[in-house]
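Peer 1: All I have is the shape, not the residue letters:
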């Protein structure tokens, strides 16, 4: 078990997605806002090494942002869009 404890896993949280024409993206500068396909209380995707593993919800704890796991990921749903 000690070797397994040494394995590093990169965890990412996907808040939402957006599709933009590249010319619009290239014109964006500091302070630009990219609209996402997510609402305030939508679940987020949790990825491990870029692979969906769970769904969760954003939790604010004082001045920190965290993610609470709510369900296992349905991989076909992640790749549907």
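Peer 2: Yep, it's here. Predicted model, so just to flag it, every value in this text is computed and none were measured.
Peer 1: switch to C-alpha atoms for all contacts and neighbour counts from now on
Peer 2: Noted.
Peer 1: and for the longest strand anywhere in the chain, what are the contacting residues?
Peer 2: Counting residues, the longest strand in the chain under DSSP state E turns out to be strand 51-61. Residues from elsewhere that reach strand 51-61 (Cα atoms under 8 Å, 6 or more residues apart in numbering): 41-47, 65-75, 78.
Peer 1: Inside helices: which ones of those residues?
Peer 2: 75, 78 (DSSP state H).
Peer 1: Looking at the contacts of strand 51-61, which are in strands?
Peer 2: Short answer: those in strands (DSSP E) are 44, 45, 46, 47, 65, 66, 67, 68, 69, 70, 71, 72.
Peer 1: Who are the contact partners of the third one?
Peer 2: So that's residue 46. Per Cα under 8 Å, 6+ apart, neighbours of residue 46: 11, 12, 13, 14, 52, 53, 54, 55, 56, 73.
Peer 1: Dig out what it forms beta bridges with.
Peer 2: Beta-bridge partners recorded for residue 46 (DSSP bridges): residue 13, residue 54.
Peer 1: do the last one as well
Peer 2: For residue 72, the beta-bridge partners under DSSP bridges are residue 54.
Peer 1: Got the confidence number for it?
Peer 2: Residue 72 is assigned a pLDDT of 96 by the prediction.
Peer 1: How about the contacts made by it?
Peer 2: 53, 54, 55.
Peer 1: Drop anything exposed from the contacts of residue 46.
Peer 2: 13, 52, 53, 54, 55, 56, 73 (16 or more other Cα atoms under 10 Å).
Peer 1: Among those, which one lies nearest to residue 2?
Peer 2: Residue 2 lies nearest to residue 53 out of the buried ones among the contacts of residue 46, by Cα to Cα, at 23.1 Å.
Peer 1: Do I have it right that residue 13 meets residue 47?
Peer 2: Yes - between residue 13 and residue 47 a contact is recorded at 6.2 Å, counting by Cα atoms under 8 Å.
Peer 1: Next, the contact list for the most centrally placed residue in the chain, please.
Peer 2: By Cα atoms, centre = their mean, the chain has its centre lying nearest to residue 14, at 1.2 Å. With contact taken as Cα under 8 Å, 6+ apart, residue 14 is in contact with 44, 45, 46, 47.
Peer 1: Thanks again, I'm all set now.
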